[in-house]
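Colleague: sequence unknown, structure follows:
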């Protein structure tokens, strides 16, 4: 493992994974889920109450995983906290030497669901991290022993080619000072190649690490559901057909990821892959091992 692959001077390919804390007071249960990633992945994302569902505190889980020797990316949404709570959460993360934070607006709760705060969206969070990284809270209060923060944002590669204003908005967000970008799932190599060109044309690779979202698909049924129900996911028909025709969809899903990653390694402007999926930490570790 490299000391800090998120530093712009480090040109090695990055492998990140993702885990979601359990609905449990047993901290070890959430920590043990990522044991196979220790010494393999460069970092693991700890999700923040995804789909508006309560989970064990992501900060508590992140701190314990960090103690176990794996770097973490703490996901923080603006949906559930006001600025005071967000600043406190970030100070807590920094006190645990967690310096990588993915800024998200958060999933929208259903009409009959919990009340959203939404004082800050992802762009506001990036600005907040810029302030805190420089040593100040929003009200100007000085942070004692402040630390550098690597802020990140999410992106959907597919949206660049179906939404007219998405690219301009995204470029502005990156130029606010983010250090890394993690994208939604994209299994379309042609789109990834266009994305590489977009990154280079806008000189974004000098500022941020671009990490493409993938994950080991388990079946054609799962891939079809993801494509139809998850925002921004791009899975071509050819991928679903391969899974349908495979004698072992699990092995084929792994092979598909390996093939795409091999292509991404050679694409300029692409700095890594982010492997995700429900309860697939071990499968992601196996994928990363293939390239180590």
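Modeller: Everything's here; your move. Just so it is clear, the model here is predicted, and its values are computed rather than measured.

Colleague: where is the longest helix in the chain?
Modeller: helix 249-265 (DSSP state H).

Colleague: how near is the residue lying closest to residue 292 once chain neighbours are set aside to residue 17?
Modeller: Distances taken as Cβ to Cβ, 6 or more residues apart in numbering put residue 40 closest to residue 292, at 6.8 Å, once the chain neighbours are dropped. Bear in mind the C-beta positions are built from the backbone N, C-alpha and C, glycine included. Using Cβ to Cβ, to the nearest Å, residue 40 is found at 9 Å from residue 17.

Colleague: of those two, who's got more company?
Modeller: Neighbour count, other Cβ atoms under 10 Å: between residue 40 and residue 17, residue 17 has more, with 28 against 19.

Colleague: surely that one is in contact with residue 273?
Modeller: No. Checked against Cβ atoms under 8 Å, the pair residue 17 and residue 273 is beyond contact range at 9.5 Å.

Colleague: who touches residue 167 in this structure?
Modeller: By Cβ atoms under 8 Å, 6 or more residues apart in numbering, the contact set of residue 167 is 160, 198.

Colleague: any buried residues in the helix or strand where it lies, and which?
Modeller: Assigned by DSSP states H and E, residue 167 falls within helix 166-174. Across helix 166-174, burial judged by 16 or more other Cβ atoms under 10 Å covers 167, 170, 173, 174.

Colleague: and stretch 13-25, by the same measure?
Modeller: 13, 14, 15, 16, 17, 18, 19, 20, 21.

Colleague: and the next element down the chain from the strand or helix carrying the fifth one?
Modeller: If I follow you right, that is residue 17. For residue 17, the enclosing helix or strand under DSSP H and E is strand 14-19. Using DSSP H and E, the helix or strand that follows strand 14-19 in sequence is helix 27-32.

Colleague: continuing past that following helix, what's the next helix or strand?
Modeller: strand 43-46.

Colleague: sheet partners, orientation included, of that next one?
Modeller: strand 14-19 (parallel), strand 72-77 (parallel) (DSSP bridges).

Colleague: looking at the ones you listed, which is nearest to residue 123?
Modeller: Between residue 123 and the strands paired with strand 43-46, the shortest separation by Cβ to Cβ is 13.0 Å, and it involves strand 72-77.
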